[in-house]
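Chemist: I would like to see how this sequence folds:
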Amino acid sequence: MTRDWFEAASRGDRCALEAAVADMAGRKDQDQETALMHAVRAGQIESVKFLAPYESGCQNGAGYTALALAALLDDEKGCRALLPTEAKISLPSGITPLMLAASVGSSACIDCLLEYYGAEHDQEGRTALDYAVSGDMDRVVQQLLRKGTLFAAADVSQAVVTATLCGASRSLLLLQESLQTMQIQTKCYKCKDLERYIMHLEAENRRLGQENAEKQAELERRGMVIDFLNARVSELLPLTRMNRILSRQIPGYTEKDDEDSHVVVIEGREYRIPKQKRQILNTQGLKVDVTDPRNIELNVGAFCDYLRFALRFYSLPALQDTLHGHIETYKKSAIRDSLLGIKDTSERLMVGLCNLIGLIDQAVTLSNDDISNPAHLTPLMRGCIEKNTSTVRTTLQYAGMTDRYGRTALMHSAIVGYRTAAVILGPLEGEQVDGDRRTALWYALHNEHFDVADAILEWDYPGYQRLPMDVKKHGFTHLMEAAEENDIIRCFAYVRLGFACKQDYQGRTAQMFAAAASAIDTTRLLVRFERGLRDLQGRTALYRAAVAGSIEIVNLLLEAEHGLRCPGNDWTALMGAAYSAQSDTVCILKEKECTLRATDSCTALMFAAQVGADKCINELVDREAGLTTTDAYHKGAGWTALMIAVYNGHLECVQILLQHEHTIVPEGRTLLDYAENPDARVSLETRNAIIHLIRT
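Modeler: Predicted coordinates for the structure are as follows:
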């Protein structure tokens, strides 16, 4: 039967292949080669296309895939058919199918292989160009060099050395001409880069000059406002009798201090003045440093607080009410005129104080640190939070300042996903950390604002391009290491350096390592780049997380990878979770993958019954009870999950399933037949307990 299977693949017998594929897919001969590889060797392209979904990813005794064999045989059609499914599978020593094709001069398939491969290096640091030069395959060398910037100057130089050592004279001439052209182009590119840089500096200089002029005009305007306020304060101070308050010549006046405030007690009533504001209050003329906007805000704010305190202290509205009530009592004109004069004076004083407070409130934006701005946000931070580009551009003098948690305006931009502000603030506030030692890049990635992370990567992580780029043993990359450690910043940097979608010798990706380690942050990042990839056994990251029982990871990957099956046995992530007795992940996956069957027609409920996962059965029984196996099952058709549980001696599972499947049995047999002849590993005590349970 096995021999017929391989012969059918070699002669292109589609009917025979379709009839036997369910049982024979994945089988290997004495050389560890599959039917797909036999079809490739025989040049049967239709057989290759048919078998590719079933046997892609398998490797023979030499470690080569069917794609590698097609490359060695210069089979362009075979390569095109296999590239979508086998392009990312690692070969021994880090070689690629492009390197194999170059080494034997397979010029026909070079162009299609270049669509998936480029200047990769094997474990010895050689490229496809080195492999072509080693055999003096000058035609292949021409095809590879025709791609222009595919190979760096260092790769071409290395190939020149290889050609010299191997005596490949024809290839050597081609390489030397290409290297000379690259050196000339490099010089031209550097000149153009320098010209662009000079133009950028000139434009930046003009922009800064314009901004400086605007800031100077703003400072002059603020200076005029301060001068006006000083004049108004000087006019009003004599009317408020402030000298009495400052000299403390008030009956019943006492004061004391606590941690936050200076407490003034007047006739038994307490007035609290924040210490910071009272210390910066300058009653001799409100002198401030006009070059520092923060000083202007705090001093003016302190003075407004004091004026409000003066209004409460003098109780001017109550004084007017009292005078109005007594004016009619006094008939003598002298006393009446005196009272009317006092009333008019108090009215003018109250109106003057209220007008002054209103004027200051309109002229200056005040910061009330205790009530309205508990987080100490600067105007620049507020502009970032509100996504107001105009505010951000006019408040850049606050760049570098932090709120009470140590966060900068760039961090607030990263939190809300405001890319425009991030581009502006990146050069000004990059590399700063907050009180929790987190950067703006961390906040952008944690909140899934990847466009913002792209914009600030070079400013917030300037050394990322110098990260180690080597590949460790068995194809383990630094991206996989960062993903496993849940290091989201280093993980994002390696993704941008082109390490995404790389697989180790078992076909595992960085996302799979993150999922297996329950690394939620890096999994959330990598699902955007590596969703749907499988290892050599056909397992996805969702499958690995489900088997490991990682609830958070399963929830994260569910929408991206549910329903994907393992080639060969058609297992889903739900089946793997049920077989591993992971009831928590079964509860999540059952909404998407219930009632699906494996190649042997078993459902997830049957796999749970096979291993005795009673909690998983509780989750699945309402949805999959009553389903039976087909002839594809190794024990035949008609088996239910209850029969499988009885045969394997799982008493708890039998108790649950009896309520749903006790009436379903094959013709000519009863449920007791299965209980009386269980698997040899079932103890006599368990067998008798199950028989008793069925009879009752």
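
Chemist: Domain map for this structure?
Modeler: 2-183, 241-363, 379-460, 601-696 (automatic domain parsing).

Chemist: closest one to Asp521 among those?
Modeler: domain 379-460 (6.7 Å; CB to CB). (Each C-beta comes from the backbone N, C-alpha and C, glycine too.)

Chemist: ends of that closest one, how far apart?
Modeler: In domain 379-460, first residue to last residue: 22 Å (CA to CA, to the nearest Å).

Chemist: Next up, the contacts around Leu380.
Modeler: Thr391, Val392, Thr395, Leu396, Tyr398, Ala399, Met401, Ala409 (CB atoms under 8 Å, 6 or more residues apart in numbering).

Chemist: Show the pLDDT at it.
Modeler: Listed pLDDT for Leu380 reads 89.

Chemist: Can you say which of the contacts of Leu380 are buried?
Modeler: Buried by 16 or more other CB atoms under 10 Å: Thr391, Val392, Thr395, Leu396, Tyr398, Ala399, Met401, Ala409, out of the contacts of Leu380.

Chemist: ok, back up a step: out of the domains of the chain, name the one with the poorest average pLDDT.
Modeler: Looking at the domains of the chain, the bottom one is domain 241-363 with a mean of 53.

Chemist: still on that earlier bit, out of the buried ones among the contacts of Leu380, list just those in helices.
Modeler: Thr391, Val392, Ala409 (DSSP state H).

Chemist: circling back: which two in the buried ones among the contacts of Leu380 are spaced the farthest apart?
Modeler: Largest pairwise distance in the buried ones among the contacts of Leu380, by CB to CB, is 14.8 Å, between Thr391 and Met401.

Chemist: which residues touch the residue most central in space within the chain?
Modeler: Centroid-nearest residue in the chain, with CA atoms, centre = their mean: Leu525, separated by 3.0 Å. Contacts for Leu525 (CB under 8 Å, 6+ apart) come out as Leu445, Phe450, Ile488, Cys491, Phe492, Val495.

Chemist: And for stretch 98-111, what's in contact with it?
Modeler: With CB under 8 Å, 6+ apart, stretch 98-111 has contacts from 64, 68, 70-76, 79, 91, 113-114, 116-117, 120, 122, 126-129, 131-132, 134-135, 137, 139-140, 143-144.

Chemist: Restrict those to the buried ones and give me that as a PyMOL selection.
Modeler: The PyMOL command for the buried members of the contacts of stretch 98-111 (criterion: 16+ other CB under 10 Å) is given here:
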select buried, resi 64+68+70+71+72+73+74+75+76+79+91+113+114+116+117+122+126+127+128+129+131+132+134+135+137+140+143+144
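
Chemist: Tell me the buried residues in stretch 412-432?
Modeler: Quick answer for stretch 412-432 (16+ other CB under 10 Å): 412-422, 424-426, 429-430, 432.

Chemist: and stretch 86-105, how far apart are its ends?
Modeler: OK, stretch 86-105 end separation, CA to CA: 21 Å.

Chemist: ok, now stretch 405-422?
Modeler: Start-to-end, stretch 405-422 (CA to CA) is 19 Å.

Chemist: and if you look at stretch 543-562?
Modeler: 9 Å.

Chemist: hmm, back to that, and the contacts of Leu525, which are buried?
Modeler: Leu445, Ile488, Cys491, Phe492, Val495.

Chemist: Among these, which lie within strands?
Modeler: If you go by DSSP state E, the buried ones among the contacts of Leu525 have nothing in strands.

Chemist: Closest to Arg206 out of the buried ones among the contacts of Leu380?
Modeler: Distances from Arg206 to the buried ones among the contacts of Leu380, taken by CB to CB, are shortest for Leu396, at 16.3 Å.

Chemist: Helix, strand or coil: sort out the closest residue to the closest one other than its chain neighbours for me.
Modeler: In this structure, Leu396 finds its nearest non-sequential neighbour in Leu380, 6.7 Å apart by CB to CB, 6 or more residues apart in numbering. Secondary structure for Leu380, judged by DSSP: H, G, I helix; E, B strand; the rest coil, is helix.

Chemist: where do the helices sit along the stretch 301-450 of the chain?
Modeler: 316-327, 333-363, 379-385, 389-394, 409-416, 419-429, 440-446, 450-460 (DSSP state H, counting those that start in this stretch).

Chemist: so how far is the third one from its chain's centroid?
Modeler: Looking back up the chat, that one is helix 379-385. A distance of 24 Å separates the centroid of the chain from that of helix 379-385, by CA atoms, centre = their mean, to the nearest Å.

Chemist: now do the last one
Modeler: Relative to the centre of its chain, helix 450-460 is centred 12 Å away, using CA atoms, centre = their mean.

Chemist: And for whichever helix or strand comes after that helix, what's in contact with it?
Modeler: As assigned by DSSP states H and E, the chain's next helix or strand after helix 450-460 is helix 478-484. Contacting residues not belonging to helix 478-484 are listed as 467-470, 472, 490-491, 494-495, 499-500, 502, 504, 508-511, 513-514, 516-517, 519, 522-523, 526 [CB under 8 Å, 6+ apart].

Chemist: hey, where'd the helices end up in the stretch 1-150 of the chain?
Modeler: 2-11, 14-24, 35-42, 45-55, 66-72, 76-86, 97-104, 110-113, 128-134, 138-145.

Chemist: Out of those, flag the one nearest Tyr197.
Modeler: The nearest among those, by CB to CB, is helix 138-145 at 30.3 Å.

Chemist: elements contacting that closest one?
Modeler: helix 97-104, helix 110-113, helix 128-134, helix 169-236 (3 or more CB pairs under 8 Å, 6 or more residues apart in numbering; DSSP states H and E).

Chemist: list the helices and strands the longest one packs on?
Modeler: If contacts are counted by 3+ CB pairs under 8 Å, 6+ apart, helix 169-236 sits against helix 128-134, helix 138-145, helix 153-166, helix 293-314, helix 333-363.

Chemist: isn't Ile415 right up against Trp442?
Modeler: No - with contact defined as CB atoms under 8 Å, Ile415 does not count as touching Trp442 (10.3 Å).

Chemist: Kind regards, and thank you for your time.
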